[in-house]
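I need the structure of the sequence given here:
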Amino acid sequence: MKLTREDRAALWSAFRQMRPAQKIEYIFTYFRLPIFLTVVALVVTGSLVYQRVTRKEPVLYAAHINVSVGETLEGRLTGDFVTSLGKDPKRAEVYLYQALYLSDNPSQEDHQYSYASRLKVVSAIESKQLDVALMDRKGYDILSHSGYLLPLPDLLADDPDLQARLAPCLTANTVVLEDNAVEYQLGEADRYEAETREDVNALELTSLPLFAQAGFPKKVYLGVIANTPRADTAARYISYLASAPAEGL
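Take a look at the predicted model:
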């Protein structure tokens, strides 16, 4: 029911005459729902504004598969690369998937972790949110055999000097074009058969200054994901890694 001017004046006069505790009780009794909704709206709006202001733009998506790096090297692989692009690390980032584990034959204890990592990698690739992978030989073999890696001569073709400088690091691996793995595992085929080809699809990084002093116990490789929509940035990332000095590690 709509109050008349006289009714509103009478209510206001009565409110002014209440003691502070009565005013609080009155407001809580009759206005708690509008106040609650207003507070919720302010919190949601503030959260959205904060996320928008502080959100970083991914310039590249990277994954570390079966390898771990120290905090200093991680900074060189992420924040320093962002700076090399002329961007502010507070507003842009290399989005990093860490602690991923891939294996064709994981132990029983590692099976669930390996399965979850494989799902994460495949999901990131299918959503085009994975551009480069730093990995050990086991991870490299899995991604290569699955056809997930881009042939690097194609990527480096526009920079012959860089391609020539990296020639000793370029590595070939098998790509499985078609196989009978499912039938073989189900016992429907007597032997495993596959149609394959060899692609030069990774860089072995050990000889590069940035990685030579990092103390990796085994060789590490860098591959570029075949369906990346950021191939130009991936090429710049490779150029950055090839030129980055080892100072500070």
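
Beyond the helix or strand bottoming out on mean pLDDT in the chain, next helix or strand please.
Comparing every helix and strand of the chain by mean pLDDT, DSSP states H and E singles out helix 20-54 as the least confident one, with a mean of 64. Along the chain past helix 20-54, the next helix or strand (assigned with DSSP states H and E) turns out to be strand 57-65.

what helices or strands is that next one leaning on?
Counting contacts by 3 or more Cβ pairs under 8 Å, 6 or more residues apart in numbering; DSSP states H and E, strand 57-65 packs against strand 92-100, helix 111-126, strand 132-135, helix 231-243. All C-beta atoms are positioned from the backbone trio N, CA, C, and that covers glycine.

Among these, which comes closest to Gln163?
Closest approach to Gln163 among those is made by helix 231-243 (9.8 Å; Cβ to Cβ).

What residues of that closest one count as buried?
Residues of helix 231-243 classed as buried: Ala231, Thr233, Ala234, Ala235, Arg236, Tyr237, Ile238, Ser239, Tyr240, Leu241, Ala242 (neighbour count, 16 or more other Cβ atoms under 10 Å).

Who are the contact partners of Arg191?
Residues touching Arg191, when contacts are defined by Cβ atoms under 8 Å, 6 or more residues apart in numbering, comprise Tyr184.

oh sorry, the question was meant for Gly147
Gly147 makes contact with Val175, Val176, Leu177, Ala226, according to Cβ under 8 Å, 6+ apart.

Narrow those residues to those that are buried.
Val175, Ala226.

quick one: which of the contacts of Gly147 sit in strands?
Secondary structure defined by DSSP state E assigns Val175, Val176, Leu177 of the contacts of Gly147 to strands.
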